[in-house]
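# After the sequence you'll find the predicted model.
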Amino acid sequence: MAGPTLINCLLAVSLLSSVADAQLSTTFYSRSCPSLENTVWMVMKQAVVKDRRMGASLLRLFFHDCFVQGCDGSVLLDAGGEKAAGPNANSLRGFEVIDAIKARVEAACPGVVSCADILALAARDGTFLLHGPTWPVPLGRRDSTTASQSLANNNLPSVNSSLATLISMFARQGLSPTDMTALSGAHTIGQARCTTFRDRIYGNSNIDATFAKRQQRTCPLSGADNNLAPLDVQTLRAFDTAYYQNLMAHRGLFRSDQELFSGGSQDALVRQYSANPALFRSDFVKAMVKMGNINPLTGTAGQVRRNCRFVNS
Ligand code: HEM
Ligand SMILES: *[C@@H]1O[C@H](CO)[C@@H](O)[C@H](O)[C@H]1NC(C)=O
């Protein structure tokens, strides 16, 4: 009986220490691949000029990577079923942008830069290109050799999640309620499919009636599952605090969004962010760096994949 307990205990200690000793560094590639950040920036800029939504899509892709086994590029693997998990299938975008960045980086610095780090930089630049903040990204993550469909299904929050569930899912990743509320502000950019918000706009309580009616025009009761609506009806294309203002007007697109302003513990912070863009941006940046530190593979763990979609043979 002592065996499993001891193993669990050692596992917990090693998980904790891998977070604490992550030792990512903003200068990790300054000698081995000095052109890295410029390359990511150039490709991201082109991609966002072509399709503005892509800035949002790369930010989300990074979130979905970090919540599943840590920020290890697992979400980019074609095998292993992570891409087919409920929250990811027919939903994640931007894999070909990562491929394009990786191809250019490999040409300049073969075998040096991980896919997990490229994704962290692409998320930062995608945010900035949509008028969000920028920040130094600690680097030195390595890539996993495995992906996990079950962890993706278990660790990623759903549009139906209650406030208590959201808080505990983020806590499991070492993120505070404040981090959670700041990171949810990412829903100031990007779009969602009708199928993800239909339940809420037909018959959910705690929703502004005019808003619900308007959404129903793009999202009928049946069919048109893939019709798109902006997550932030006011300013789909710009990273601002309209998301929080919408929540205060009961215009959150998902139940999980509205849970942040529903008479609970996050109401006060939503009010603060709605009125204080500088506070929102600074908390968002802190939370992004923290999220980027979830369980990275470092040192000789994992590998640097040559192609982000496949484990090296
Ligand atoms: C708090 C719990 C969260 C839930 C339940 C949630 C759920 C969702 C869903 C269902 C979509 C639409 C997907 C689709 O239509 O296929 C979406 C889009 C998006 N999410 Fe979240 N999300 C959450 C938190 C986050 C966080 C922490 C980030 C980033 C820091 C994020 C960034 C985004 C972005 C940028 C989009 C738009 C993507 C695009 O247009 O391609 N979300 N989210
Ligand atoms: C959310 O709940 C509704 C029922 O209220 C259900 O039909 C839907 O599939 C749920 N969505 C998710 C992603 O769990």
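Nice, I can see it. Numbering: from 1, shown residues only. Ligands and ions are numbered 1, 2, ... in the order given.

# ok, and the closest non-adjacent residue to V159?
Excluding its sequence neighbours, the residue lying closest to V159 (CB to CB, 6 or more residues apart in numbering) is F254, at 4.0 Å. (Glycine included, C-beta is placed from N, CA and C.)

# right, and that neighbour touches T195 too?
No. Checked against CB atoms under 8 Å, the pair F254 and T195 is beyond contact range at 11.9 Å.

# ok, the residue lying closest to L231 once chain neighbours are set aside - contacts?
Among residues not flanking L231 along the chain, H187 sits closest, at 4.2 Å (CB to CB, 6+ apart). Taking CB atoms under 8 Å, 6 or more residues apart in numbering as the contact definition, H187 lies against 231-232, 243, 253-254, 257.

# least confident pick among these?
Minimum pLDDT across those is recorded for D232, with 91.

# Now it: which helix or strand?
Secondary structure assignment for D232, by DSSP states H and E: no helix or strand.

# Could you pick out the residues of this structure near ligand 2 for me?
Residues of the chain found near ligand 2 (CB under 6 Å from any ligand atom) are 158-160, 199.

# Looking at those residues, spot the one nearest A275.
V159 (26.3 Å; CB to CB).

# So that closest one versus L139, what's the distance?
32 Å (CB to CB, to the nearest Å).

# what does the stretch 101-250 of the chain have sitting close to ligand 1?
Contact residues (CB under 6 Å from any ligand atom) of the stretch 101-250 of the chain with ligand 1: 157-159, 161, 166, 183-184, 186-187, 189-193, 196, 231.

# Which members of the residues you listed are positioned in strands?
Among these, the members found in strands (DSSP state E) are 191-193.

# Turn those into CSV, columns for pLDDT and neighbour count.
Formatted as CSV, those follow (pLDDT from 0 to 100; neighbours: other CB atoms under 10 Å):
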residue, pLDDT, neighbour count
Q191, 97, 17
A192, 98, 18
R193, 98, 16
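
# So which of V159 and L139 has more stuff around it?
Each of V159 and L139 has its neighbours counted (other CB atoms under 10 Å); L139 has more, 24 against 18.

# Phi and psi next, for the more buried one.
When read as degrees, to the nearest 10, the backbone of L139 gives phi -130, psi 170.

# Check whether it really touches S32, as I assumed.
No. Between L139 and S32 there is no contact, the gap being 10.5 Å when judged by CB under 8 Å.

# All the helices of the stretch 1-150 of the chain, residue numbers only.
Along the stretch 1-150 of the chain, counting by DSSP state H, counting those that start in this stretch, helices occupy 2-20, 36-50, 53-66, 95-108, 115-129, 149-155.

# Quick check: which of the ones you listed is nearest to N307?
Once those are compared by CB to CB, helix 95-108 is nearest, at 7.1 Å.

# Please point out which parts of that closest one sit buried.
By 16 or more other CB atoms under 10 Å, the buried positions in helix 95-108 come out as 95, 97-99, 101-102, 104-106.

# what about the residue in the chain that ligand 1 sits nearest to, how many neighbours?
Ligand 1 sits closest to G190 of the chain, with a gap of 2.4 Å, by CB to the nearest ligand atom. Close neighbours of G190, defined as other CB under 10 Å, add up to 23.

# Tell me the spacing between the closest residue to it other than its chain neighbours and G94.
Leaving aside its sequence neighbours, G190 sits nearest to A56 (CB to CB, 6+ apart; 3.0 Å). Distance, A56 to G94, by CB to CB: 9 Å.

# of the two, who's got more company?
Taking neighbours as other CB under 10 Å, A56 and G94 compare with A56 leading, 29 against 25.

# Now for the more buried one: which residues touch it?
Residues in contact with A56, defined by CB under 8 Å, 6+ apart, are 126, 130, 186, 189-191.

# and the residue nearest to V159, what does it touch?
Listed by CB under 8 Å, 6+ apart, the contact partners of F254 are 159, 187, 192, 196-197, 200.
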